[in-house]
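Peer 1: task: produce atomic coordinates for the following.
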Amino acid sequence: MCEKGDNLDCINELYAEDVVSREMPGTSGEVITGKQNVWKKSKEWIDSVENIHFSSISNPLVAGNFFTAKMDFDCTFKDKGRQKIQEVCVYEVIDGKITSEQYFY
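Peer 2: As a prediction, this is how the structure comes out:
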């Protein structure tokens, strides 16, 4: 879904209602809880992008209830200009739903 740019559909379908999302310490929205709030955070990020020049996501690496993926972006943001972003995303799955996500960049 993420490869196709369907990130919001991914949240709707795969995330638990009480999901916890963690960004890097000290960043805006460092910890957000609840599927609706995580969806809103993702929508705000998408809306802040003027142009995506390149994006990729690695195949997942699975260990127990966790999986991780590396994401790369080259985006022009409406208010920050062009930036290249590399991040590692770690997700926890319980009962078939993503219950936590954490981003390292």
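Peer 1: excluding chain neighbours, give the residue nearest to residue 12 in space.
Peer 2: Among residues not flanking residue 12 along the chain, residue 39 sits closest, at 7.1 Å (Cβ to Cβ, 6 or more residues apart in numbering). The way it works is simple: take the backbone N, C-alpha and C, and place the C-beta from them, glycine included.
Peer 1: who touches stretch 91-105?
Peer 2: With Cβ atoms under 8 Å, 6 or more residues apart in numbering as the test, stretch 91-105 has contacts from 14-16, 18-24, 38, 65-69, 85-90.
Peer 1: mind giving me the ChimeraX command for buried ones among these?
Peer 2: Selection command for ChimeraX covering only the buried members of the contacts of stretch 91-105, criterion 16 or more other Cβ atoms under 10 Å:
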select :15,16,19,20,21,22,23,38,67,69,89,90
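Peer 1: looking at the contacts of stretch 91-105, which are in helices?
Peer 2: 14, 38 (DSSP state H).
Peer 1: that concludes my questions; thank you for your assistance.
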